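Asker: Fold the following, please.
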Amino acid sequence: MTVQIAVAGKGGTGKTSFCALLIRYLIERGKTPILAVDADANANLNEALGFSIENETVSELIAATKDPNAIPSGMTQDVFIEYKLNAALEEGKNVDLIVMGGPEGPGCFCFPNNILRKYLDHLSKGYQYIVMDNEAGLEHISRRTTRDIDVMFVVSDCSARSVRSAGRIHQLVKQLDTKVKNLYLILNKAAPEDAEALKEEIEKTGLKLAGLIPADPMITSFDIGGKALFDLPENSPAVGELFKILDQLKI
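Answerer: Numbering: from 1, shown residues only. All right, here's what the predicted structure looks like:
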């Protein structure tokens with residue numbers, strides 16, 4: 001059975017960095033193959049993983065299929081969409097990546113989204129883990145383009161505003177038809193005294209605090225240099241603490 005992991009959080013909290021290191025953790029534990037899904041409209045998981053994106057995003061290709069003239073003669077729209085979706089998959093050694101892209105524009109996309117849902121259902125059977133990087137609005141989960149979620153991490157930095165945003169994501173999850181079995185809060189770029197100062201705000205979110213990831217100058221250095229965070233050295237404080245959290249949760 002494929003394990004579905006979703007990561008969400010306010011922009012700038014480090015959720016994409018979390019996704020990249022989560023995927024690295026799974027690879028180092030031999031939990032492969034992995035399908036990484038970048039469902040954030042501001043997609044950059046590929047850069048954190050060290051992928052070069054050459055194909056269209058899912059949103060771009062689905063929008064293109066709205067034009068009847070784009071579909072080759074003799075091919076139905078659903079077959080054409082599936083063909084294009086296969087072309088959108090970026091393949092790696094232990095992890096493949098698919099980028100969902102931004103809003104799809106005006107008009108009804110019920111039919112292509114139904115095709116997308118069936119395609120992802122079929123595709124997911126070939127992977128041991130799926131890791132989805134979501135925007136705070138959880139658009140793709142709310143459209144049920146994915147199945148139910150086994151684990152969701154909500155990433156926050158150590159500001160009260162970000163923790164409150166995590167609480168709103170929790171409220172949104174409760175309103176979705178998609179089931180989330182286990183839901184955790186991650187406090188990123190934070191020290192123990194930050195968690196203590198935010199204790200009341202964290203309790204208000206209703207989320208279980210899974211752990212703290214410290215501010216890591218190595219991440220800053222990699223970001224400035226445009227390097228893939230997936231390649232952070234083993235002695236990176238963020239890598240060490242995140243791996244401890246994931247070990248404790250038996251991910």
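Asker: Quick one: residues contacting Pro233.
Answerer: By Cβ atoms under 8 Å, 6 or more residues apart in numbering, the contact set of Pro233 is Met218, Val239. Where you see a C-beta, it was placed from the backbone N, CA and C, and this is true even at glycine.
Asker: Next, it: secondary structure please.
Answerer: coil (DSSP: H, G, I helix; E, B strand; the rest coil).
Asker: okay, now Gly101: neighbour count?
Answerer: 20 (other Cβ atoms under 10 Å).
Asker: how near is it to Ile53?
Answerer: As defined by Cβ to Cβ, to the nearest Å, Gly101 lies at a distance of 10 Å from Ile53.
Asker: same thing with Ile245?
Answerer: Taking Cβ to Cβ, one finds Ile245 at 29 Å from Ile53.
Asker: Then Ala195?
Answerer: 36 Å.
Asker: With Ser165 instead?
Answerer: For Ser165, the distance to Ile53 - Cβ to Cβ - is 28 Å.
Asker: Looking at those two, which one has more neighbours?
Answerer: Taking other Cβ under 10 Å, Ser165 and Ile53 do not tie; Ser165 has more neighbours (21 against 16).
Asker: That one reaches Ser156, doesn't it?
Answerer: Yes - counting by Cβ atoms under 8 Å, Ser165 touches Ser156, with 7.0 Å between them.
Asker: Find residues that contact each of the two.
Answerer: What both Ser165 and Ser156 touch, as defined by Cβ under 8 Å, 6+ apart, is the set Gly9, Lys10.
Asker: just the helices in this structure please.
Answerer: For the chain, the helices defined by DSSP state H occupy 15-28, 45-49, 58-64, 77-88, 110-124, 139-142, 160-175, 192-197, 199-205, 217-225, 237-249.
Asker: Outside of the longest one itself, which residues are in contact with it?
Answerer: So the one you mean is helix 160-175. Outside helix 160-175, the residues that reach it (Cβ under 8 Å, 6+ apart) are 8-10, 13, 136-138, 142, 152, 154-156, 180, 183, 185, 187, 198, 201-202, 204-207.
Asker: repeat that for 7 Å
Answerer: 8-10, 13, 136, 138, 152, 154, 156, 180, 183, 185, 198, 201-202, 204-207 (Cβ atoms under 7 Å, 6 or more residues apart in numbering).
Asker: Can you turn the buried part of these into a PyMOL selection?
Answerer: In PyMOL, this line selects whichever of the contacts of helix 160-175 come out buried by 16 or more other Cβ atoms under 10 Å:
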select buried, resi 8+9+10+13+136+138+152+154+156+180+183+185+198+201+202+205+207
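Asker: I'd like to know which of the contacts of helix 160-175 are part of strands.
Answerer: Ala8, Gly9, Met152, Val154, Ser156, Val180, Leu183, Leu185 (DSSP state E).
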